[in-house]
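In: Structure for this input, please:
(2 chains)
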Amino acid sequence: GAGVSQSPSNKVTEKGKDVELRCDPISGHTALYWYRQSLGQGLEFLIYFQGNSAPDKSGLPSDRFSAERTGGSVSTLTIQRTQQEDSAVYLCASSLTNEQFFGPGTRLTVL
Amino acid sequence: GNSVTQMEGPVTLSEEAFLTINCTYTATGYPSLFWYVQYPGEGLQLLLKATKADDKGSNKGFEATYRKETTSFHLEKGSVQVSDSAVYFCALLSNSGYALNFGKGTSLLVTP
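Out: Coordinates of the predicted model:
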């Protein structure tokens, strides 16, 4: 069966450029989450969607980060004016209950 | 807020050895507890969970019991295999009720 998919799997960008990361959740899952995994900080929660709305953006590290979800399905995480400290693996998860299913992640490297 | 602390790794064991990875939690109430596993080059997979005190989660020979007396959710396996080599994360639902708070992860290497 189809799990959570993310694209691209790897992204290398230059400092100052904008990037968009995409997440396709499991069909029918109403909740969607973004997390970040980095060596220094471990796994951090970024943002949560219930349907198309994001009631909790408290984990976004700065106003350079934004996310949207359309049609209750696909989500994009956008990072503007990337910095080297944004380098990490960005994980997306979806759920119907409190059991979250994770995608393979997008490894972002900012040079 | 709700948080977990798990033992630092790396842990190196011989095949068929007994495994324990300690995890303790601090929480308001009794949130659901989880163990996730990340195999090399792969994403996070849910290994097992427990939703209330005294529940035992189990999967693939791994077990963990939700113990409120000791605020613990230790992961155990009686006989590890080389294929169990991975990073294991303890997690719990945060005070929000939906975001997961993860421990820092414990790397396990099982040698033949």
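
In: CA atoms for contacts and neighbours, from now on please.
Out: Fine.

In: How about the residues of chain A by chain B?
Out: Within chain A, the positions adjacent to chain B are A:33, A:42-45, A:48, A:98, A:100-105 by C-alpha under 8 Å from any C-alpha of the partner chain.

In: Please list only the buried members of those residues.
Out: Those of these that meet the buried threshold are A:33, A:43-45, A:48, A:100-105, by 16 or more other C-alpha atoms under 10 Å in any protein chain shown.

In: Mind checking which of the residues you listed are in strands?
Out: Counted as lying in strands by DSSP state E, out of these, are A:33, A:43-45, A:48, A:101-102.

In: neighbours of the closest residue to residue B:92 other than its chain neighbours, just the number please.
Out: Excluding the flanking residues, the one nearest residue B:92 by C-alpha to C-alpha, 6 or more residues apart in numbering or on different chains is residue B:33, at 4.5 Å. When neighbours are defined as other C-alpha atoms under 10 Å in any protein chain shown, residue B:33 has 26 of them.

In: With residue B:87 instead?
Out: 20.

In: I'd like the next helix or strand past the helix or strand harbouring residue B:91.
Out: Assigned by DSSP states H and E, residue B:91 falls within strand B:86-93. For strand B:86-93, the succeeding helix or strand toward the C-terminus, using DSSP H and E, is strand B:100-102.

In: got a pLDDT number for residue 44?
Out: Just so you know, I chose chain A. Predicted confidence (pLDDT) for residue A:44: 93.

In: actually it's chain B I care about, not the one you picked
Out: Residue B:44 is given a pLDDT of 93.

In: so what's residue A:8 up against?
Out: Residues in contact with residue A:8 (C-alpha atoms under 8 Å, 6 or more residues apart in numbering or on different chains) are A:21-22, A:106.

In: Could you report the neighbour count for whichever residue of chain B sits closest to chain A?
Out: Residue nearest to chain A within chain B: residue B:43 (4.2 Å; C-alpha to the nearest C-alpha). Residue B:43 has 17 neighbours, counted by other C-alpha under 10 Å.

In: just residue A:47 next, same as before
Out: Neighbours of residue A:47 under the rule other C-alpha under 10 Å: 22.

In: Any idea what residue A:92 is bridged to?
Out: Note on residue A:92: beta-bridge partners residue A:34, judged by DSSP bridges.

In: ditto for residue A:50
Out: On the basis of DSSP bridges, residue A:50 takes part in beta bridges with residue A:31, residue A:53.

In: same thing with residue B:4?
Out: Bridge pairing for residue B:4 - DSSP bridges - gives residue B:25.

In: That one touches residue B:26, doesn't it?
Out: Yes: between residue B:4 and residue B:26 there is a contact under C-alpha atoms under 8 Å: 6.3 Å.

In: Which one of the two is surrounded by more residues?
Out: For residue B:4 and residue B:26, the more surrounded residue by other C-alpha under 10 Å is residue B:4, and the numbers stand at 23 against 15.

In: Which residue ranges of the chain form strands?
Out: Chain wasn't specified; assuming chain A. A:5-7, A:10-13, A:19-24, A:31-38, A:42-50, A:53-56, A:65-69, A:75-79, A:88-95, A:101-102, A:106-110.

In: Please refer instead to chain B.
Out: If DSSP E is used as the criterion, the strands of chain B fall at B:3-6, B:11-14, B:19-21, B:23-26, B:33-38, B:44-50, B:56-59, B:62-65, B:75-77, B:86-93, B:100-102, B:106-111.

In: Could you pull up the residues touching residue B:108?
Out: By C-alpha under 8 Å, 6+ apart, residue B:108 lies in contact with B:9-13, B:84-88.
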